[in-house]
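>>> Test case, fold it:
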Amino acid sequence: MKKQFSTFFVIFFSVTLLLSSCMTNEQPTFKPTPIPSPSTPPSFSQSPPLPSEPLPSVQLPSLNAVSAETYYKQGIAYYDDQEFIQAIDEFKKAAKLAHVKAQFRLAKMYYDGQGVARNSAKTAQWYRKAALQGHVKAQHLLGALYFVGSGVAQDYEQALKWYRQAAEQGYTAAQLSLGMMYYNGNGMPRDLLQAQKWLSLAAKQGDQDAMTALTKVNTLLAQE
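Numbering: from 1, shown residues only. Modelled structure (predicted):
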């Protein structure tokens, strides 16, 4: 009986020491390693940057240009069929849309009285519009209107201006007209050297009147 009690006491004492040790010893702690965050977090509320260079523009065809060409072609068809009233109506539509060939045709029809009463003022008006767009024949004919005073007041300075613009584009008739103005001294003193210059250009293109006038100019220059 005494031996059993001793055994029980030893076991009890061992258990007590074990529990005491468990209670006094610190348990190891595990701290999670922090995940580093970026210095500047991305903002999802901002839009991505746009390209610095502008996108190329798309050129759309001009509806007015298409319509003007259509009117002009219809006018030509009517004119070829000698339906001048319809032709001039179509040319007017195209001319008002700045179609330069239609403006020239319209001026000529006003001058000739085709499909409309002759009107020298309208002739000058539409030749001027075409001339301002660089139409070489319109420039020359507008100069002629100023030279004789048809549809506009006679003005040699304006005549010289428009003759020159056409002549500088290589238009033979304008070179002849300009040369003759310098030869005759219309609205200015005679200038045989300028006359020679422009008549020579026209003569080189085969103009017979320019050749004849150039011979006279060269003779006068030789006598000086």
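>>> and the closest residue to Glu224 other than its chain neighbours, what pLDDT?
Nearest non-adjacent residue to Glu224, counting by CB to CB, 6 or more residues apart in numbering: Leu192, 7.9 Å away. Placement of C-beta: from N, CA and C, glycine included. As predicted, Leu192 sits at a pLDDT of 98.
>>> What is the burial count for Leu192?
Neighbour count for Leu192, taken as other CB atoms under 10 Å: 17.
>>> List the contacts of it.
182-183, 217, 220-221, 224 (CB atoms under 8 Å, 6 or more residues apart in numbering).
>>> which one of the residues you listed sits closest to Leu199?
Nearest to Leu199 among these: Val217, at 6.1 Å, using CB to CB.
>>> Thought Lys197 was touching the closest one, still the case?
No: between Val217 and Lys197 there is no contact under CB atoms under 8 Å: 9.7 Å.
>>> Contacts made by stretch 74-84 with the rest, please.
86-91, 94, 102, 105, 109, 114-116.
>>> Out of the residues you listed, which sit inside helices?
Taking DSSP state H, the ones among those that sit in helices are 86-91, 94, 102, 105, 109.
>>> and which of the residues you listed is nearest to Val136?
Closest to Val136, out of all of those and judged by CB to CB, is Arg105, at 14.9 Å.
>>> okay, now that closest one: neighbour count?
For Arg105, the count of nearby residues is 24 (other CB under 10 Å).
>>> hmm, back to that, just the buried ones from the contacts of Leu192, in ChimeraX syntax?
Only the buried entries of the contacts of Leu192 go into this ChimeraX selection, using 16 or more other CB atoms under 10 Å:
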select :182,183,217
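>>> Reformat the contacts of Leu192 into CSV and put pLDDT, distance to Ala124 and secondary structure next to each item.
As requested, those are exported to CSV (pLDDT from 0 to 100; distance: CB to CB, whole Å; DSSP: H, G, I helix; E, B strand; the rest coil):
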residue, pLDDT, distance to Ala124, secondary structure
Tyr182, 98, 24, helix
Tyr183, 98, 25, helix
Val217, 98, 31, helix
Leu220, 96, 34, helix
Leu221, 96, 36, helix
Glu224, 84, 39, coil
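>>> Quick one: the contacts of Leu192 as a markdown table, columns for distance to Ser150 too.
Shown next, in a markdown table, are these (distance: CB to CB, whole Å):
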| residue | distance to Ser150 |
| --- | --- |
| Tyr182 | 22 |
| Tyr183 | 22 |
| Val217 | 28 |
| Leu220 | 31 |
| Leu221 | 33 |
| Glu224 | 36 |
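>>> Lys204 and Lys101, how far apart?
For Lys204, the distance to Lys101 equals 28 Å [CB to CB, to the nearest Å].
>>> Would you mind telling me which of those two has more residues around it?
For Lys204 versus Lys101, neighbours defined as other CB under 10 Å are more numerous around Lys101 (19 against 13).
>>> I'd say Leu199 and Leu176 touch.
Yes: Leu199 is within contact range of Leu176, at 6.9 Å (criterion: CB under 8 Å).
>>> still on that earlier bit, ok, so of the ones in helices among the contacts of stretch 74-84, who is nearest Met211?
Arg105 (31.8 Å).
>>> Excluding chain neighbours, what is closest to that closest one?
Phe91 (5.1 Å).
>>> how near is that neighbour to Leu106?
Per CB to CB, Phe91 is found 5 Å from Leu106.
>>> Throw the ones in helices among the contacts of stretch 74-84 into JSON lines and include pLDDT and distance to Gln133, thanks.
Output for these, formatted as JSON lines (pLDDT from 0 to 100; distance: CB to CB, whole Å):
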{"residue": "Gln86", "pLDDT": "97", "distance to Gln133": "25"}
{"residue": "Ala87", "pLDDT": "97", "distance to Gln133": "21"}
{"residue": "Ile88", "pLDDT": "97", "distance to Gln133": "20"}
{"residue": "Asp89", "pLDDT": "97", "distance to Gln133": "22"}
{"residue": "Glu90", "pLDDT": "97", "distance to Gln133": "19"}
{"residue": "Phe91", "pLDDT": "97", "distance to Gln133": "15"}
{"residue": "Ala94", "pLDDT": "97", "distance to Gln133": "13"}
{"residue": "Ala102", "pLDDT": "98", "distance to Gln133": "11"}
{"residue": "Arg105", "pLDDT": "98", "distance to Gln133": "14"}
{"residue": "Met109", "pLDDT": "98", "distance to Gln133": "18"}
